[in-house]
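Peer 1: 3D model of this:
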Amino acid sequence: MTINQISVLVENKAGAVAEIISVLAEKKINIYAVNMADTPNFGILRFIVNQPEEAKDLLEREGFLVSACKVLAVGLKDIPGGLTKVTKVLNQNGISLEYLYAFISRSAENACVILNTADVEFTAQILNDAGIPIYGNEIFEKAGLL
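Peer 2: Numbers count the residues shown, from 1 in each chain. As a prediction, this is how the structure comes out:
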């Protein structure tokens, strides 16, 4: 079970992120999770939103360089070391994390991280076999976001 993520290449300058977020807000696109990684000249802004296809199209029309991919929303115990089980299962199966970032749910039983690997479908199966919950859009519905 995967969810859609959009990524936007952002120039490292004042107001660049505000411009992207404003474009989404004007069209009532809700951001559920966001992460930004930077390099000296550019950053990558990653979003989980309620309307990923619309957000991608909108941002492309506004002239931004945008891509989309599938990622996993992984449930874990909200305790110190809660992420340990996930990372150990990935390591035992030779799966390397490309990146991860937190997602905060107001009503889910578990904490949640968004993660990406070279093969998210395989990763989902491995984590599922290990008893680690993988969420789809229901995590947003459960949190009252959809």
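Peer 1: from the chain's centroid, how far away is stretch 125-138?
Peer 2: Centre-to-centre, stretch 125-138 and its host chain are 15 Å apart (CA atoms, centre = their mean, to the nearest Å).
Peer 1: quick check: mean pLDDT across that stretch?
Peer 2: For stretch 125-138, mean pLDDT is 89.
Peer 1: outside of that stretch, which residues touch it?
Peer 2: With CB atoms under 8 Å, 6 or more residues apart in numbering as the contact definition, stretch 125-138 has outside contacts at 1-3, 72-76, 85-86, 89-90, 93, 95, 108, 110, 112, 124, 146. The way it works is simple: take the backbone N, C-alpha and C, and place the C-beta from them, glycine included.
Peer 1: for residue 111, grab the count of nearby residues.
Peer 2: Number of residues near residue 111 (other CB atoms under 10 Å) recorded here: 17.
Peer 1: do residue 135 as well
Peer 2: 22.
Peer 1: with residue 24 instead?
Peer 2: Residues within reach of residue 24, counting by other CB under 10 Å, total 22.
Peer 1: please, where are all the helices along this structure?
Peer 2: 16-26, 52-61, 84-92, 120-129, 138-142 (DSSP state H).
Peer 1: thinking again about what came up before, got a quick PyMOL command for the buried subset of the contacts of stretch 125-138?
Peer 2: For anyone working in PyMOL, the buried entries among those, judged by 16 or more other CB atoms under 10 Å, can be selected with:
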select buried, resi 1+2+3+72+73+74+75+76+86+89+90+95+108+110+112+124
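Peer 1: circling back: can you say which of the helices of the chain is nearest to residue 42?
Peer 2: helix 16-26 (9.3 Å; CB to CB).
Peer 1: how far off centre is that closest one?
Peer 2: Counting by CA atoms, centre = their mean, helix 16-26 comes out at 18 Å from the chain centroid.
Peer 1: who touches that helix?
Peer 2: So helix 16-26 is in contact with 8, 10, 31, 36, 43, 45, 47, 49, 55, 58-59, 62, 64, going by CB under 8 Å, 6+ apart.
Peer 1: could you list the domains of this protein?
Peer 2: 3-69, 71-142 (automatic domain parsing).
Peer 1: least confident of these, on average?
Peer 2: domain 71-142 (a mean of 87).
Peer 1: residue 72 contacts residue 112, correct?
Peer 2: No: assessed by CB atoms under 8 Å, residue 72 is found out of contact with residue 112, at 9.8 Å.
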